[in-house]
Structure formats: structure tokens, C-alpha cells
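> Give the three-dimensional model of this entry:
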Amino acid sequence: RSIEETAAGLRIKPPKTASGRRTVSLPASAVEALREHRRVQLEVRMALGLGKASKDALIFSTLEGEPLSPDNLSRDWRRAVRSLGLPLVNFHALRHSHASALIAAGLDVVAVSKRLGHRSPTVTLGIYSHLFHDKDDAAASAIERAMAGDV
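All right, here's what the predicted structure looks like:
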């Protein structure tokens, strides 16, 4: 799901396509970081007398469990990036960094496309094709091995 800011307030909306509804695996370090975030969140809520958040509360939300405004999230992201001395990139750039890292690690375009929730690998190739060109040397080596009967 995504959150959209409208004149009437925040609205949670479904993904643009059916492929947008997906389950993604997380590395253990991310799961641990999310658990720690949830623990700190609960401590703060308890200290303020708010009790436990509802089961359907968002992971990143206001203290009351309401969705964060996309504008506020972007502002907080910029502040965090500046305070850490990191290059100033927008929050959405993390998605592109993730995709680029997957491609650089050798994941095939179908796997990357599914993880990103693209309608088809064609969409992924249209956005990230420049990153796949680096694989041409590997393709030449692979065909060389195949022709030598090493496959």
C-alpha cells in the first residue's frame, strides 16, 4: 500500500498494479532493526500512557499509530541524511539503490522485477537496462565455456 496526501487528509491506497501486492523477504539485520524500532516505539508509548498500538498499526507512524505524512517523512529523511553527512538524495532513491545493488549482485531481471513489484520485467529493463550492460563480458565468458563443452 502507499499513502497519498489529499486535500481531505491522508489516504491509504492500493498498489498501482496487481504485481504491487507482494511479499518480500528481508535480511536478518533488517528484521532485527525493525524489532528494535518496535521495542523503542512500545517503550515510548508506555511512558506516555498510550498503551500498546493496535495490531494493524503501521511500523512507521505517529505516536498515536496514524500514518506519517509523506511530506513530513521526506523532511525527516533530509534532516537525518544531513546530520549523518550523507549525500542528499530523496527517500525514493533508496528504491533505486536497492534495485541497483540487486542487479550488481547478479540477480536476474525477473527476480528484481518481482521484488520491485513491477508489472513485468520489461518495466524493470526500461528503468535499469543501463545496469545490465556490464554483464556482457560475463555473457562472452559463458558462451566460451559452453562452446568448449565446460557446461
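> for this protein, what spans make up the strands?
For the chain, applying DSSP state E gives strands covering 2-6, 9-13.
> what residues are up against the spatially most central residue of the chain?
Residue closest to the average C-alpha location in the chain (C-alpha atoms, centre = their mean): residue 95, at 5.0 Å. By C-beta atoms under 8 Å, 6 or more residues apart in numbering, the contact list for residue 95 reads residue 116. Every residue, glycine included, has its C-beta placed from N, CA and C.
> what's the spacing between it and residue 9?
25 Å (C-beta to C-beta, to the nearest Å).
> Check residue 19 too.
Residue 19 is 28 Å from residue 9, where distance means C-beta to C-beta.
> So the two - more neighbours on which side?
residue 19 (15 against 10; other C-beta atoms under 10 Å).
> so the more buried one makes contact with residue 117?
Yes - counting by C-beta atoms under 8 Å, residue 19 does reach residue 117; the two are 5.3 Å apart.
> buried residues in the longest helix seen in the chain?
The residue-count maximum for a helix in the chain (DSSP state H) belongs to helix 28-47. Going by neighbour count (16 or more other C-beta atoms under 10 Å), the buried part of helix 28-47 is 41, 45.
> And stretch 69-76, by the same measure?
Buried residues in stretch 69-76 (16+ other C-beta under 10 Å): none.
> For stretch 32-49, the averaged confidence score.
For stretch 32-49, mean pLDDT rounds to 94.
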